[in-house]
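Enquirer: let's see this in three dimensions:
(2 chains)
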Amino acid sequence: MRFLGVDIGSRHIKLALVVDGALVGYTGGENSFDPLARCRELMADLPADRVMATGYGRQLLELADDVLTVTEIKAFARGAAHHFPGCRTVLDIGGQDTKVISLDETGRVRKFEMNDRCAAGTGKFIEVMAASLGWSLDEFAARAAAAADEVKLSSMCAVFAESEVVSLVARGVPREAIAAAVLRSVADRVTALAARLPLTEEIVFAGGCARNSTLAAMIEKNLGRRLLIREHAEFTGAVGAAFLARDEALRAGAELTSQTGEGVTV
Amino acid sequence: MSSNDYTPLWQELGLDLDNHAGLLGVLSDAYRGIYLAQANRPRGMAYFDFVISEVHGLRIKEIYEAKRAGRKVVGGFCVYVPEEVVLAADGICIGLCAGAEVGTAEAERFIPRNSCALIKAFMGFKLAGLCPYVELTDLIVGETTCDGKKKAYEIFDELTGKVHVMELPHMKGPAGKRLWLGEVARFRETMEKLTGAPLTLEGLRHGVAVVNAKRRALQRLSRLREADPAPLSGLDALLVNQVSFYDDPVRFTAKTNELCDELEERVAAGVGVTAKGAPRLLVSGSPMAIPNWKVHAIVEGSGGVVVGEESCIGERNFRDLADEDFVTVEEGLMKIAERSLTIDCACFTPNDERPGNIAALCERLRADGIIHYALQFCTPYLVEAYKVETSLAGVPFLRIETDYSMEDFGQLKTRLEAFIEMLR
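Expert: This next block holds a predicted model:
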């Protein structure tokens, strides 16, 4: 049987396909003004027997296509546990939500913390700051890594920080240093959130921002712990949702023997 | 909302008719969407549906007529308002409008934007001309439970001219008790001045008996929620608790007991509003005035069931009874004051009883988890969440900080749903 996980985030839609218990394919794309149509378009590339939706837009699929849903908390926990069996802490910095999740020894969610209705410490914050420096996200991360010295960004608010960035540029502060300061503020914010949970030696860093190695290094240093990062970390929620769809089917006693598992192996 | 036309009455009370019609329209839609859409409701909820449909209608007319017959109307926002004393003076005691996001811009002319939703709402309701209750009051009782309310009452008095503030001690030692006893005695004088008649022993006994009967009915309702499956939804139970602040207390008690009779039958027959084994949540913290139903609606829309409210609109309102055994008015007032000091409001320091009370409640209700609910900027509850969480180590615990707006609905839903998933 083929199980599809769909993670409908504020910025991107991510899909992962599991066939016979193995992860075989990914796809994804930017969200649009019509997320449902965008989902269906992306889903057409990975036909499946069962679908599980997660992410802030999960209800769209639940209402329109009667698809099962799960919160991104549980989906990220499941996805992280798939990639790193036995992991006990998961950090996810997504488009709008940043979360830290504690798992018990069986992989169940034990506790979690999320940012409050504010873009500080989220991917959106980084995105806005990168745009105001005139860099793409990848370029932004690379330039931040090359910063010779750092400045301090005093505002956590995306709107105020943007004007602060503009004034720092005007004062002649190197853009690299400003980029590093932006990431530093996100790292500090995330550290404070994580400190509310009992943290383990190794922490899985999932979500789109895990691709930013400069940010990851800062968080690692702040927490004094090792971050486990897998390639395609942004698909962790989709992967988790796909496996949860499979778990659900197993529980319901579904016949899991399938037709041949075709798809793009990664 | 109602088939009767109360427009002349609202006009006489000085309400802003257009805005008021809009408010009732929103309330009516929300009620239909949240309450009437629930499955398998007890028949006994029909009375409470009726009360809500007439919340600014029949009940207002009733109070208006009682007032014309000479009875005094006392309004407040806190369980520390000594309802027994108001009833002893043949007065009517009501909770005032404070549960919706209205008149925000008007309120912000007088109080900071970073005030809690409840304070902003009671100012907003008055300033926007949307609360018929506040217009009917002869006296509004404020209390010093938090800095925000304490200071807002000064302005509220400027706007209404009828605020009497009771100074609530913040420590429960002998000095605090003396202070509160004195405040209850001072409130008695205020009531006597208002009615022009001295408080009688018979009146006070009556007042205590009526309020205790109401508390007993609410205790009975709380005990029925111990059953699995829960015989009524948390939304419905919350509503009954909210209505206890508005309705005629004798009628309310009778109707609540009728509902409990029916719930007893349900429990005996194993009938519930959810499947047996649904995750059971205790909501703890700041009060939820009508129509603040957000958290309960999300929890119960996500497959959980709220089995208790450790809140002023909930257990804190009825957990303890006043001692009915007194032979003088002074002794009666002392018993009333003593009862109110058993309330574990977060305004007290220390407030060590509260975690223990929550643990006991959690056990009795067989709750699987606690949702600690605090209004944004409600410092006492926000700070106390730490002590509650650490002293209840092992009980799944979720902190929520929110207000009356819907802007965080999506995020709140994700958190509450994830918490319920965690408990399954």
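Enquirer: against A:Thr69, how distant is whatever residue of chain B ends up closest to chain A?
Expert: As assessed by Cβ to the nearest Cβ, chain A sits closest to B:Ala418 within chain B, at 3.6 Å. (C-beta placed from N, C-alpha, C; glycine too.) Distance, B:Ala418 to A:Thr69, using Cβ to Cβ, to the nearest Å: 12 Å.
Enquirer: and the residue of chain B closest to chain A, how many neighbours?
Expert: 24 (other Cβ atoms under 10 Å in any protein chain shown).
Enquirer: got the contact list for it?
Expert: Residues near B:Ala418 by Cβ atoms under 8 Å, 6 or more residues apart in numbering or on different chains: A:71-74, A:109, A:112.
Enquirer: TSV please, covering the residues you listed and showing pLDDT.
Expert: Below are the contacts of B:Ala418 laid out as TSV (pLDDT from 0 to 100):
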residue	pLDDT
A:Thr71	97
A:Glu72	96
A:Ile73	97
A:Lys74	97
A:Val109	96
A:Phe112	97
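Enquirer: now, which of those lie close to chain B?
Expert: A:71-74, A:109, A:112 (Cβ under 8 Å from any Cβ of the partner chain).
Enquirer: now render the residues you listed as JSON lines, adding neighbour count and secondary structure.
Expert: Below are those laid out as JSON lines (neighbours: other Cβ atoms under 10 Å in any protein chain shown; DSSP: H, G, I helix; E, B strand; the rest coil):
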{"residue": "A:Thr71", "neighbour count": "28", "secondary structure": "coil"}
{"residue": "A:Glu72", "neighbour count": "29", "secondary structure": "helix"}
{"residue": "A:Ile73", "neighbour count": "26", "secondary structure": "helix"}
{"residue": "A:Lys74", "neighbour count": "23", "secondary structure": "helix"}
{"residue": "A:Val109", "neighbour count": "22", "secondary structure": "strand"}
{"residue": "A:Phe112", "neighbour count": "25", "secondary structure": "strand"}
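Enquirer: just the strands in chain B please.
Expert: Taking DSSP state E, the strands of chain B run over residues B:73-76, B:92-95, B:139-143, B:163-166, B:280-285, B:305-310, B:369-375, B:397-402.
Enquirer: of all those, which lies closest to A:Leu227?
Expert: strand B:397-402 (25.6 Å; Cβ to Cβ).
Enquirer: wondering if that closest one reaches chain A at all.
Expert: Yes - judged by Cβ under 8 Å from any Cβ, strand B:397-402 and chain A are in contact via B:397, B:401.
Enquirer: partners of that strand, with directions?
Expert: strand B:369-375 (parallel) (DSSP bridges).
Enquirer: how far off strand B:280-285 does the partner strand point, in degrees?
Expert: Angle between the axes of strand B:369-375 and strand B:280-285 is 30 degrees (criterion: axes from the mean of the first three to the mean of the last three Cα atoms, to 10 degrees).
Enquirer: given the host helix or strand of A:Glu113, what are its sheet partners and their directions?
Expert: Using DSSP states H and E, the element containing A:Glu113 is strand A:109-114. When pairing is defined by DSSP bridges, strand A:109-114 lines up against strand A:98-103 (antiparallel).
Enquirer: hmm, back to that, as CSV, the strands of chain B with mean neighbour count would be great.
Expert: What follows is those, written out as CSV (neighbours: other Cβ atoms under 10 Å in any protein chain shown):
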stretch, mean neighbour count
strand B:73-76, 25
strand B:92-95, 23
strand B:139-143, 24
strand B:163-166, 20
strand B:280-285, 27
strand B:305-310, 26
strand B:369-375, 24
strand B:397-402, 20
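Enquirer: skip the chain neighbours and tell me the closest residue to the closest residue to chain B within chain A.
Expert: Residue nearest to chain B within chain A (Cβ to the nearest Cβ): A:Ile73, separated by 3.6 Å. Counting by Cβ to Cβ, 6 or more residues apart in numbering or on different chains, B:Ala418 is the residue found nearest to A:Ile73 once chain neighbours are left out, at 3.6 Å.
Enquirer: over to B:Gln219?
Expert: For B:Gln219, the spatially nearest residue (Cβ to Cβ, 6+ apart) is B:Phe318, at 5.6 Å.
Enquirer: what's the pLDDT at the one you found?
Expert: Note on B:Phe318: pLDDT of 98.
Enquirer: I'd assumed B:Asn212 was in contact with it.
Expert: No - applying Cβ atoms under 8 Å as the test, B:Phe318 and B:Asn212 come out as separate, 9.3 Å apart.
Enquirer: mutual contacts of those two, please.
Expert: Common neighbours of B:Phe318 and B:Asn212 (Cβ under 8 Å, 6+ apart) do not exist.
Enquirer: where do the strands sit along the stretch 51-200 of chain A?
Expert: A:68-69, A:89-93, A:98-103, A:109-114 (DSSP state E, counting those that start in this stretch).
Enquirer: about what we covered before: contact partners for the residue nearest to B:Gln219?
Expert: B:214-216, B:218-219, B:222, B:244.
Enquirer: need the longest helix for the chain.
Expert: Because you didn't say which chain, this covers chain A. helix A:175-194 (DSSP state H).
Enquirer: ah, no, chain B please
Expert: Per DSSP H, chain B has its longest helix at helix B:201-224.
Enquirer: in a markdown table: the strands of chain B, plus mean pLDDT and distance to A:Asp45.
Expert: Shown next, in a markdown table, are the strands of chain B (pLDDT from 0 to 100; distance: least, Cβ to Cβ, whole Å):
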| stretch | mean pLDDT | distance to A:Asp45 |
| --- | --- | --- |
| strand B:73-76 | 98 | 62 |
| strand B:92-95 | 98 | 57 |
| strand B:139-143 | 98 | 63 |
| strand B:163-166 | 98 | 66 |
| strand B:280-285 | 98 | 40 |
| strand B:305-310 | 98 | 40 |
| strand B:369-375 | 98 | 40 |
| strand B:397-402 | 96 | 37 |
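Enquirer: surely B:Thr137 touches B:Arg71?
Expert: No - the criterion here is Cβ under 8 Å, and B:Thr137 misses it with B:Arg71 at 11.8 Å.
Enquirer: run a quick neighbour tally on residue 210.
Expert: I'll assume chain A. Counted with other Cβ under 10 Å, A:Ala210 comes out at 24.
Enquirer: oops, chain B please
Expert: Neighbours of B:Val210 (other Cβ under 10 Å): 18.
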